[in-house]
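Engineer: after the sequence you'll find the predicted model.
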Amino acid sequence: MRLIGWLATAAWLAGCSGDGPVQRPDPEICDDGIDNDGDGLVDCDDGDDCGGLACVTHGDDDDTVTEPPEVEIVLDEDLCTGADCTFDYAGSDCPQKELGTFHVFNRTDDTDAEFQIYCNGVGPDGARVIQWKADGGQLRPTLANVIIAPGDSLEVTAAFVCAAGINQSFDTFCNAYVNAEPYDQDLDFEMHGNTASGTP
């Protein structure tokens, strides 16, 4: 009898020892008023899980929240105002100037999403003066085949990179695309760079 009691106590202590598998926090639910994942941010304040259409209200009822799409590209306000992505630059910004960030969400349960982005070249030599980095990686003229795991998001940073002969205001066409079959989003936008004349 004592042996059985000792074994039961040992099993109970082993279960509380902290050596078991580490549980991942629950994902944030965007409209329940609770910090589900324990990071101190509630609902739409938690940009890792909530954003874009998940946090846009419609009509007169402030509790009405549109169901977010399975994949979504959200241009943040520090980079664009609506579809207007305008920035100023000067010679003192060389060799590069970070412009802002945006986020790409994969809200599917079991499908990897694939993301890509590029902007057309500028000037007579087609310089790629708008470049991108994903989750703090290296700046690149184009991001392609970037994988976003199910339920995860990606932070993308835009930067202006100085190039010879680029010393005037310019516009360049950009495209961002995310795909997690059968869901996708294709986003076209323009970047507008403004500078004072005479910038080297």
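Structural biologist: Alright, I've got the coordinates. Numbers count the residues shown, from 1 in each chain.
Engineer: for burial, what's the neighbour tally of residue 131?
Structural biologist: 21 (other CB atoms under 10 Å). Using the backbone N, CA and C atoms, a C-beta is placed for each residue, glycine as well.
Engineer: just the element for the spatially most central residue of the chain, please.
Structural biologist: In the chain, the centroid-proximal residue (CA atoms, centre = their mean) is residue 103; its distance is 2.0 Å. Secondary structure from DSSP states H and E places residue 103 in strand 96-106.
Engineer: same check, this time on residue 145
Structural biologist: Here residue 145 is assigned to strand 142-148, by DSSP H and E.
Engineer: paired strands for that strand, with orientation please.
Structural biologist: strand 113-119 (antiparallel) (DSSP bridges).
Engineer: other residues contacting the strand it pairs with?
Structural biologist: 71, 104, 106, 128, 130, 132, 134, 141-148, 150, 154, 156, 172-180, 191 (CB atoms under 8 Å, 6 or more residues apart in numbering).
Engineer: repeat that for 7 Å
Structural biologist: By CB atoms under 7 Å, 6 or more residues apart in numbering, the surrounding residues in contact with strand 113-119 are 71, 104, 106, 128, 130, 132, 141-148, 154, 156, 172-180, 191.
Engineer: that strand: which residues count as buried?
Structural biologist: 113, 114, 115, 117, 118, 119 (16 or more other CB atoms under 10 Å).
Engineer: now the angle from it to strand 96-106?
Structural biologist: Relative orientation of strand 113-119 versus strand 96-106 (axes from the mean of the first three to the mean of the last three CA atoms, to 10 degrees): 150 degrees.
Engineer: after strand 113-119 comes which helix or strand?
Structural biologist: strand 130-134.
Engineer: so what does that next one touch, helix or strand wise?
Structural biologist: On a contact count with 3 or more CB pairs under 7 Å, 6 or more residues apart in numbering; DSSP states H and E, strand 130-134 meets strand 142-148, strand 153-161.
Engineer: let me see the mean pLDDT of the longest one.
Structural biologist: Just to be clear, that refers to strand 153-161. Taken as a whole, strand 153-161 has a mean pLDDT of 93.
Engineer: and the angle from that strand to strand 96-106?
Structural biologist: Using the same axes, to 10 degrees: strand 153-161 against strand 96-106 is 160 degrees.
Engineer: strands paired with strand 153-161, and their directions?
Structural biologist: strand 96-106 (antiparallel), strand 130-134 (antiparallel).
Engineer: list the contacts of residue 120.
Structural biologist: 172, 173.
Engineer: where does it land on pLDDT?
Structural biologist: Confidence for residue 120, expressed as pLDDT, is 93.
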